[in-house]
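1. Starting from these lines, generate the structure:
(chains A and B)
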Protein chains: 2
Amino acid sequence: LLDVSAGQELVLTTDVLVEGVHFLPDSAPRSIGHRALAVNLSDIAAMGAAPAWALLSLTLPEPDELWLGDFAAGFHALARLHGVALVGGNLSRGPRSVTVQLAGLVPRGDALRRTTAHVGDLVCVSGTVGDAGAGVALRQGRLAAGAAEADWLCRRFEYPTPRVELGQRLRGIASACIDVSDGLLGDLQRLAAASGCGADVEIGQLPVSAALRAAAGADAWRRSLAGGEDYELCFAVPPARLPTLRALGAELAVACTPCAILRAEPGIALHRDGGVIQFSHSPFDHFAH
Amino acid sequence: LLDVSAGQELVLTTDVLVEGVHFLPDSAPRSIGHRALAVNLSDIAAMGAAPAWALLSLTLPEPDELWLGDFAAGFHALARLHGVALVGGNLSRGPRSVTVQLAGLVPRGDALRRTTAHVGDLVCVSGTVGDAGAGVALRQGRLAAGAAEADWLCRRFEYPTPRVELGQRLRGIASACIDVSDGLLGDLQRLAAASGCGADVEIGQLPVSAALRAAAGADAWRRSLAGGEDYELCFAVPPARLPTLRALGAELAVACTPCAILRAEPGIALHRDGGVIQFSHSPFDHFAH
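-> Next up, the predicted model:
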């Protein structure tokens, strides 16, 4: 968060997609182009900032115009949608990987942070979570589903929807915000801990899509907590602002589902049918992913 | 070049170093950390901007604390020297590569460009060129030199000196500027063409170091034109400003050597002892490098 002008602060973020780690060698290049920008847009959205300028660094083992054309189509379609200008970058020989840096702007002092939630705030999640993780599992044969559900879940992984407009509109409504990139449980833990809180999660309130429910059945809630690659927003809202949030969700046609409440006691407790349940979840590790 | 405030413009640049392409597997991690930042500082310097904030994305096959410690030492020593704050980044599993994004600031309208030189301007080069390329050749056994010369030339590759202060001070003196990353001949061609000019180069005036002269002998001038990885500045100066430039060079203790003059006729002609000589030089190709 950088102080560049009298009225606005600059936000810079970067993320890397590496072949074999963040995408498979047979991934559609259009999806890779979309995701490379989407993951960065999601970071900017989580700070309540407006995306502005991108730099793109690409390393490829050899020139491949067909691959580049499809990659660029995926990147530019999403860039146009959000008014992002590609202002520079870099093309180099090397193992296939994509690094995007994104700069955004936010009115001074208005940026959303992770550290500013309070005990008693409700934690809400945009859209649905767990779909993208299920899409990866489907692609890898670790999960089965009907054709329609499988298509939808895979698309949720391949073409995530960063919540750019929602993030900006949450300024003045949310008390803290994070984007869900590593799985809801991990990112909620981060937000709560950064704000000096713990959280009580109501399993029955988790936003689980019909497709995930159909594919994963009784396991759907576990996938919604641990999935990863969602690029939804997880944010805290003081209860008094819930009506404002509901109106905003309706206006933007984005579900914003309260599913947890911040508490003073550290840690995350999962509640279901009036009881506390156990769920072991390894924290995200970039080197084990 | 981005308009962010009433008084200043934001400059964003990025560059990638990939193992096996831009550095060898046995390269000192301290040197890689230094170079990853230096190449970006050089881009910022060439625009006459002041470096401000960096993002660092690192992909490594596995965690390696020793490597990371040395890498960070090289990066941070140079960052401190130039007042650059590392404000974010990214660590991921993958083939070893380093991507740095650097943001700089320049007073509105004062940035140096490549396109604004004029016929009759002198082209000057900071420091000496060809050393780093000779350092790489030495490392790869394609060139031999005495121990002292070899050490010095290798250091010029491993720890280049971006001309950060010089670049900013050239505002108002230089009519156009580019940094020498791909070899002087190629980058001079770019500057001249971007300004709608050609250039006459005086071979005898090229800034060649004593070490390169000792190592390369009669071939030194070819290496000074084609070397690459120099990260010196190549800039045009109207003749009337040459005294001002000389005073600046003396103040900063950086040699600024006039070695070419811009002409109306496109292309680059090399002159030596009153005659025109031929030198075939392939344009830099990221995929053949």
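2. all strands for chain A, in order.
-> Along chain A, counting by DSSP state E, strands occupy A:2-3, A:8-18, A:50-60, A:85-93, A:97-107, A:122-126, A:176-180, A:198-202, A:232-237, A:256-263, A:268-272, A:275-277.
3. Okay, buried residues for stretch A:15-22 please.
-> Residues of stretch A:15-22 classed as buried: A:D15, A:V16, A:L17, A:V18, A:E19, A:V21, A:H22 (neighbour count, 16 or more other CB atoms under 10 Å in any protein chain shown). The way it works is simple: take the backbone N, C-alpha and C, and place the C-beta from them, glycine included.
4. how close does the residue in the stretch 101-250 of chain A that chain B sits nearest to sit to B:R93?
-> Nearest to chain B in the stretch 101-250 of chain A, going by CB to the nearest CB, is A:Q101, at a distance of 4.2 Å. Applying CB to CB, to the nearest Å, the value for A:Q101 to B:R93 is 20 Å.
5. Comparing those two, which residue is more hemmed in?
-> A:Q101 (31 against 18; other CB atoms under 10 Å in any protein chain shown).
6. Specify the beta-bridge partners of that one.
-> A:T14, A:L55 (DSSP bridges).
7. Can you give me the pLDDT of it?
-> If you check A:Q101, the pLDDT there is 95.
8. quick one: contacts for it?
-> A:Q101 sits next to A:L12, A:T13, A:T14, A:N40, A:A54, A:L55, A:S57, B:L12, B:T14, B:L55, B:Q101 when contact means CB atoms under 8 Å, 6 or more residues apart in numbering or on different chains.
9. Distance to B:Y231 for the strands of chain A - can I get that in JSON lines?
-> JSON lines is the format used below for those (distance: least, CB to CB, whole Å):
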{"stretch": "strand A:2-3", "distance to B:Y231": "25"}
{"stretch": "strand A:8-18", "distance to B:Y231": "22"}
{"stretch": "strand A:50-60", "distance to B:Y231": "18"}
{"stretch": "strand A:85-93", "distance to B:Y231": "16"}
{"stretch": "strand A:97-107", "distance to B:Y231": "21"}
{"stretch": "strand A:122-126", "distance to B:Y231": "45"}
{"stretch": "strand A:176-180", "distance to B:Y231": "37"}
{"stretch": "strand A:198-202", "distance to B:Y231": "50"}
{"stretch": "strand A:232-237", "distance to B:Y231": "41"}
{"stretch": "strand A:256-263", "distance to B:Y231": "50"}
{"stretch": "strand A:268-272", "distance to B:Y231": "49"}
{"stretch": "strand A:275-277", "distance to B:Y231": "58"}
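10. Nearest to chain B among the buried residues of stretch A:15-22?
-> A:V18 (3.3 Å).
11. returning to that earlier point: from the contacts of A:Q101, pick the one nearest A:L122.
-> When those are compared for distance to A:L122 (CB to CB), A:T13 wins out at 26.5 Å.
12. Now do the contacts for the nearest residue to that closest one once chain neighbours are set aside.
-> In this structure, A:T13 finds its nearest non-sequential neighbour in A:D43, 4.1 Å apart by CB to CB, 6 or more residues apart in numbering or on different chains. Contact partners of A:D43, counting by CB under 8 Å, 6+ apart, are A:T13, A:D15, A:L102, A:D179.
13. Apply 7 Å and report the result again.
-> A:T13, A:D15, A:D179 (CB atoms under 7 Å, 6 or more residues apart in numbering or on different chains).
14. For it, give me the pLDDT.
-> 96.
15. Can you pull the phi/psi pair for the most centrally placed residue in chain A?
-> Relative to the mean C-alpha position of chain A, the nearest C-alpha, by CA atoms, centre = their mean, is the one of A:Y231, at 1.6 Å. The phi and psi values for A:Y231, taken as degrees, to the nearest 10, are phi 60, psi 40.
16. give me phi/psi at whichever residue of the stretch 51-200 of chain A sits closest to chain B?
-> Using CB to the nearest CB, the single residue of the stretch 51-200 of chain A nearest to chain B is A:G94, 3.4 Å away. Main-chain torsions, A:G94, degrees, to the nearest 10: phi 160, psi 180.
17. and the gap between it and B:R93?
-> A:G94 sits 15 Å away from B:R93, taking CB to CB as the criterion.
18. right, and A:L262 touches A:S175 too?
-> No - the criterion here is CB atoms under 7 Å, and A:L262 misses it with A:S175 at 9.0 Å.
19. Please enumerate the shared neighbours of those two.
-> The contact sets of A:L262 and A:S175 overlap at A:A117, A:H118, A:D121, A:A236 (CB under 7 Å, 6+ apart).
20. Highest neighbour count among those residues?
-> A:A236 leads the shared contacts of A:L262 and A:S175 on contacts (other CB under 10 Å) with 29 neighbours.
21. my guess is that one meets A:A176, correct?
-> Yes - in terms of CB under 7 Å, A:A236 counts as a neighbour of A:A176; the distance is 4.6 Å.
22. Need the overlap of contacts for those two.
-> Jointly contacting A:A236 and A:A176 under the rule CB under 7 Å, 6+ apart are A:A117, A:L191.
23. ok, which residues in the stretch 51-200 of chain A are in contact with chain B?
-> Applying CB under 7 Å from any CB of the partner chain, we find that the stretch 51-200 of chain A lies next to chain B at A:53, A:55, A:57, A:59, A:62-63, A:87-95, A:97, A:99, A:101, A:103.
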